[in-house]
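Asks: Let's see this in three dimensions:
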Amino acid sequence: MSSFQQIDDLVFDEINQQDPLVDLHDHVPMDGNITHQANKQARRKHQDGSLTNPSSSTVSGVGDDQTNKKLNHREIEKQRRKQMANLYASLRSLLPLEYIKGKRSIPDQIDQTVNYINHMQENIKGLGVKRDQLMDFMGTMSMNTNENLNNLLPNTVFVNICNEGIEILINSCSIQDGFLLSRVLKTLVGEGLNIISCTSTRANNRILHTIQTEVRLYSAKS
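Replies: The predicted structure follows:
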């Protein structure tokens with residue numbers, strides 16, 4: 001074998017040995033590109049996940065707030081209806097039986113309440129007119145009947161015990177025959193009392209008699 005033939009074989013072998021390196025070199029950028037794209041997609045998913053989580057928590061928070069608002073609204077409405085039922089029951093208890101007999105619905109009870117209020121207002125107006133008429137009548141008759149009323153009062157007698165006798169107070173009417181003072185004095189003397197003083201005072205068409213007496217002392221006979 002000639003020396004040229006040996007050189008050609010050597011070059012051919014070297015070329016064959018370099019082909020895998022060339023192929024490997026050609027595939028390295030492709031593998032690197034795939035890895036780079038995979039990392040980019042992973043980062044993008046991570047970012048998408050980080051962006052998705054806050055929004056999901058926000059949506060959850062908004063849902064909880066709406067649920068709480070609904071529950072509060074239901075509780076408030078329940079309490080309102082309960083209070084209204086108590087008010088209707090209290091109103092029903094204030095109405096006379098003839099106004100609520102057979103009236104079960106609330107609108108009917110409200111109508112009967114209005115009718116009852118109007119009826120009571122008319123009664124109050126009528127009573128006010130009668131009151132004014134009576135006051136006017138009493139005002140015109142007071143001057144004429146004052147004296148007669150005083151004369152109709154009964155006679156009163158008060159007896160107070162004093163040191164040596166008794167004091168008698170008599171409140172009588174002013175009619176001449178209504179009280180006889182002389183008869184009282186005669187009776188006191190007959191009971192063994194000495195008349196010390198007797199005064200009479202007129203006031204409000206009546207007479208006040210004040211009688212002072214003392215016990216009569218008898219000397220022993222020898």
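Asks: from here on, contacts and neighbour counts on C-alpha atoms
Replies: Noted.
Asks: which residues in this structure form helices?
Replies: In the chain, the segments counted as helices under DSSP state H are 3-94, 97-100, 106-152, 181-190.
Asks: ok, Arg131 - how many residues close by?
Replies: For Arg131, the count of nearby residues is 12 (other CA atoms under 10 Å).
Asks: what do you get for Asn68?
Replies: By other CA under 10 Å, neighbour count at Asn68 equals 12.
Asks: roughly how far apart are Asn171 and Ser105?
Replies: According to CA to CA, to the nearest Å, Asn171 and Ser105 sit 68 Å apart.
Asks: Ignore what I typed, I meant Gln121.
Replies: Plainly put, Gln121 is 25 Å away from Ser105 if you go by CA to CA.
Asks: of these two, who's got more company?
Replies: Taking neighbours as other CA under 10 Å, Gln121 and Ser105 compare with Gln121 leading, 12 against 9.
Asks: if we can go back for a sec, hey, least reliable of the helices of the chain by pLDDT?
Replies: When the helices of the chain are compared by mean pLDDT, helix 3-94 comes last with a mean of 65.
Asks: Test my guess that Gln109 contacts Gly102.
Replies: No: Gln109 lies out of contact with Gly102 (CA atoms under 8 Å); the separation is 9.7 Å.
Asks: In terms of residue numbering, what are the domains of the protein?
Replies: Here the domain assignment for the chain is 1-94, 107-152, 153-215, based on automatic domain parsing.
Asks: What's opposite Ile211 in the beta bridge?
Replies: Beta-bridge pairing for Ile211 (DSSP bridges): Ile168, Cys198.
Asks: ok, it - how many residues close by?
Replies: When neighbours are defined as other CA under 10 Å, Ile211 has 19 of them.
Asks: Distance check, it against Ala89.
Replies: For Ile211, the distance to Ala89 equals 70 Å [CA to CA].
Asks: Now Leu208: closest residue in space, sequence neighbours ignored.
Replies: What sits nearest to Leu208 in space, not counting adjacent residues and going by CA to CA, 6 or more residues apart in numbering, is Asn171, at 4.6 Å.
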